[in-house]
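A.B. asks: Sequence isn't available, so here's the structure alone:
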């Protein structure tokens, strides 16, 4: 399942630094508005030590991780929906992504130009929200489908659509339009913990807005360090970038299952709640159509028993049918007649 995330924010808030840290791809980070003229796109492997451990267990020749595509989208400004700055082009780029990361400036570094009158993540969020809402209003204003009346009302009142409730019938209509404010979003407050006022974090918590506080520059400078080197520098063992990716999986409702053997160990991404045949379809479309059964074991159980032979002897490998709902961390072997 391809997964793409758009990184958006006002100019000079750290979007391109975040992108470069995640993807290790060098991009223009000049200190002036609109330095990112085209969206930088990078495909990155999702670090998962379960892949490493399973590959070691089954002596796999190859390891294949799941991937995420990140789009670094140029800084938006007020009036972007009307083409101000480079707005229309970039709002169109966001439309192609599965989720949006808002990068909101919290750092106080004076030598980085601030395009706003004050450093306030909530004000920046409001500007970005407004631009996406106005663009969605432009998309739906001339549409006459019955299911769009409430959409138009919510947008007219400045509401983010992903935070509203819709019937299944309404959702079916809404999904045709790739509306920007329907996309899941994650808020990244770029700065150190002590630079983010308590009232700001309390506001995010009160509204159930998914957020992370990450000092992007520190992570950029630490990119490429191993765990021992991070420990020596007093940094957390786990990269904040890995936490960001995991949070993105969470807001998108995604899980990972695995296939493993001598040829390869591979991680696969599916939606939470999908069944064994749907998981089989990720491996090959014919496997879903011709699905017979799945042999399933949790990855940790497989490791604990040192492989398939002992796991099978102890009855830990289950045979599941078409109704089985795949769980995160399942190791699956699909049986089919394709």
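C.D. replies: Okay, I see it. Remember, it's a predicted structure, so these values are computed and weren't measured experimentally. Residues are numbered from 1 along each chain as shown.

A.B. asks: quick one: residue 179 from residue 72, how far?
C.D. replies: Residue 179 is 22 Å from residue 72, where distance means CB to CB, to the nearest Å. Where you see a C-beta, it was placed from the backbone N, CA and C, and this is true even at glycine.

A.B. asks: higher neighbour count, the two?
C.D. replies: Applying other CB atoms under 10 Å to residue 179 and residue 72 shows that residue 72 carries more neighbours, namely 27 against 22.

A.B. asks: Was I right to think that one contacts residue 7?
C.D. replies: Yes - counting by CB atoms under 8 Å, residue 72 sits close enough to residue 7 to count as a contact (5.2 Å).

A.B. asks: Now do the contacts for residue 222.
C.D. replies: The contact partners of residue 222, by CB atoms under 8 Å, 6 or more residues apart in numbering, come to 230, 233, 235, 239.

A.B. asks: 6 Å instead, please
C.D. replies: Taking CB atoms under 6 Å, 6 or more residues apart in numbering, we find residue 222 in contact with residue 235.

A.B. asks: before we move on, back to that, list the residues that contact both of residue 72 and residue 7?
C.D. replies: 15, 19.

A.B. asks: Now for this structure, the helix or strand with the poorest mean pLDDT.
C.D. replies: helix 87-95 (a mean of 66; mean pLDDT, DSSP states H and E).

A.B. asks: Name the residues that touch the next helix or strand after that helix?
C.D. replies: Per DSSP states H and E, the first helix or strand lying C-terminal to helix 87-95 is strand 99-105. Residues outside strand 99-105 that contact it (CB under 6 Å, 6+ apart): 5-9, 13-15, 18, 119, 121, 124-125, 128, 183-190, 252.

A.B. asks: Could you check the angle the helix or strand following strand 99-105 makes with strand 99-105?
C.D. replies: Beyond strand 99-105 on the C-terminal side, the first helix or strand identified by DSSP H and E is helix 121-140. Per axes from the mean of the first three to the mean of the last three CA atoms, to 10 degrees, the angle that helix 121-140 makes with strand 99-105 is 140 degrees.

A.B. asks: Show me what the next helix or strand after helix 121-140 is packed against.
C.D. replies: Downstream of helix 121-140, the next assigned helix or strand under DSSP H and E is helix 149-156. On a contact count with 3 or more CB pairs under 6 Å, 6 or more residues apart in numbering; DSSP states H and E, helix 149-156 meets helix 121-140.

A.B. asks: Flag every buried residue along the helix it packs on.
C.D. replies: Under the neighbour-count criterion of 16 or more other CB atoms under 10 Å, helix 121-140 has 121, 124-125, 127-137, 139-140 buried.

A.B. asks: If I take it and helix 149-156, what angle do their directions form?
C.D. replies: Counting by the same axes, to 10 degrees, helix 121-140 points 140 degrees away from the direction of helix 149-156.

A.B. asks: Run through the neighbouring helices and strands of helix 121-140.
C.D. replies: On a contact count with 3+ CB pairs under 6 Å, 6+ apart, helix 121-140 meets strand 99-105, helix 149-156.

A.B. asks: Please convert these to TSV, extending it with distance to residue 46, mean pLDDT and mean neighbour count.
C.D. replies: TSV is the format used below for the helices and strands packed on helix 121-140 (distance: least, CB to CB, whole Å; pLDDT from 0 to 100; neighbours: other CB atoms under 10 Å):
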stretch	distance to residue 46	mean pLDDT	mean neighbour count
strand 99-105	14	94	25
helix 149-156	33	93	17
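
A.B. asks: Tabulate those (a markdown table), appending distance to residue 214.
C.D. replies: Below are those laid out as a markdown table (distance: least, CB to CB, whole Å):
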| stretch | distance to residue 214 |
| --- | --- |
| strand 99-105 | 9 |
| helix 149-156 | 30 |
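
A.B. asks: number of nearby residues for residue 259?
C.D. replies: 22.

A.B. asks: before we move on, what about residue 174?
C.D. replies: 19.

A.B. asks: Per-residue confidence, it, what does it come out as?
C.D. replies: On the pLDDT scale, residue 174 is placed at 92.

A.B. asks: Check this protein and tell me which residue is nearest its centre.
C.D. replies: Against the mean C-alpha coordinate of the chain, by CA atoms, centre = their mean, the closest residue is residue 248 at 3.1 Å.

A.B. asks: Show the contacting residues for that residue.
C.D. replies: Applying CB under 6 Å, 6+ apart to residue 248 gives the contacts residue 5.

A.B. asks: which SSE is the residue lying closest to residue 193 once chain neighbours are set aside in?
C.D. replies: In space, and not counting its chain neighbours, residue 193 is closest to residue 213: 5.6 Å by CB to CB, 6 or more residues apart in numbering. Using DSSP H and E, residue 213 maps to strand 211-214.

A.B. asks: What pairs with that strand, parallel or antiparallel?
C.D. replies: With DSSP bridges as the test, strand 211-214 is paired with strand 185-190 (parallel).

A.B. asks: Starting from the partner strand, tell me the next helix or strand along the chain.
C.D. replies: Following strand 185-190 toward the C-terminus (DSSP H and E): helix 198-206.

A.B. asks: Pull the residues that contact that following helix.
C.D. replies: The contact list for helix 198-206 (CB under 6 Å, 6+ apart) reads 121, 211.

A.B. asks: switch to 7 Å and redo it
C.D. replies: 121-122, 187, 211 (CB atoms under 7 Å, 6 or more residues apart in numbering).
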